[in-house]
Structure formats: C-alpha cells, structure tokens
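Asks: got a predicted model here, sequence first, then my questions.
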Amino acid sequence: MTAARSDTGKTSIALIAIVGIICLAAAGAVFVKYGNIVGASDGATKSALTQWKLEEFLVNLGDREESRYLKVNLVLEIKGNVQAGGEGGSNPEEIKARDAIIAVLTTKTYRNLLSDQGKASLKAELKSALNGTLDGVQVENIYFTSFAMQ
C-alpha cells in the first residue's frame, strides 16, 4: 500500500513540474511577442532617450568691460532621432543646434555663469532655444561634460 502512495506522490510532483514549465514558457512567449510584461504601465513602452554629443564650443562671452571666453562640451539627451551627417559630415539639425547654442552662449557674462544657479539657468535657456529650433527632436536634458571660462 505504501508503494502505491509513493508512486502517486511522484506522479503529482512530476505533473506539477510539467505544468510549471509550460506556464513559464507561455509567459516567456508573451514577453518576447509584446516586449514587456503583461500589465506593465504604458510608460515602460515609451520611446527611449538617446544621447547626442556635440563638438566643443569656444565662444566669446557677452562681457563688455573685458574680453572673456567660454569653452564647453555638451551632451544632449533627446527624444527622437538625429539623422546621420550627410556630405561633409554635418546634418541640418546639428547645424541648427550649434547655431542656437552659440546664440545663447554669447549673451552670457562671466559673472552670470560663475554660480551653480547660473549654469542651471543656462541649461534651461539652451533647452528652450533648442526645442524651439529643432524639428522632430525633443531635448529632455543637457549635460556639461566640460566647462571652462577665462
């Protein structure tokens, strides 16, 4: 009698294991097909941000009493795609972005940019100028990767 119970217990465990494997396989298939877990929020499927590194900027600042300059490197975190450079390596969106950035940078003074608040204000102004200039690209964040004034 104990042998019969032992075989029934082993069969039940094997059956549970097989059902578990089938459930895992089905969940994996759903994940692969739809790209996220069923029931996840729509925010998980929104387009990812990409980084757009721009060449170095070297500009004269807007100081009238003495000649000062700013040397800065920027990385833009964007939604959307920037087309690869055409002939000559540049593309129209990069040209527009650089022009907008230079226009903003050259209005700033050494004193404006000394504080953390001044740099934060500059980022906000750059973001606004870029979002008003670029087509098909939304700037979400701006990062200074180097920042030197003299």
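Replies: Done, it's in. These figures come from a predicted structure and were not determined experimentally.
Asks: show me the contacts for the spatially most central residue of the chain.
Replies: Nearest to the mean C-alpha position of the chain, by CA atoms, centre = their mean, lies L49 at 3.0 Å. Residues near L49 by CB atoms under 8 Å, 6 or more residues apart in numbering: 77-79, 140-141. (C-beta placed from N, C-alpha, C; glycine too.)
Asks: check it and give its pLDDT.
Replies: On pLDDT, L49 comes in at 92.
Asks: please report how far it lies from D135.
Replies: 18 Å (CB to CB, to the nearest Å).
Asks: again with R64
Replies: 35 Å.
Asks: also L61?
Replies: 29 Å.
Asks: next, count neighbours for I21.
Replies: When neighbours are counted by other CB atoms under 10 Å, I21 registers 10.
Asks: ok, G62 next?
Replies: 14.
Asks: can you give me the buried ones in the helix or strand containing V72?
Replies: Counting by DSSP states H and E, the element that carries V72 is strand 69-80. The neighbour-count check on strand 69-80 (16 or more other CB atoms under 10 Å) flags 70, 72, 74, 76, 78 as buried.
Asks: check stretch 118-135 too.
Replies: Those would be 119, 122-123, 126-127, 129-130, 133-134, for stretch 118-135 by 16+ other CB under 10 Å.
Asks: which one of those residues is nearest to E94?
Replies: L134 (9.6 Å; CB to CB).
Asks: and that closest one, what does it touch?
Replies: L134 touches 93, 96-97, counting by CB under 8 Å, 6+ apart.
Asks: wait, is S128 part of a helix?
Replies: Yes. S128: assigned to a helix according to DSSP: H, G, I helix; E, B strand; the rest coil.
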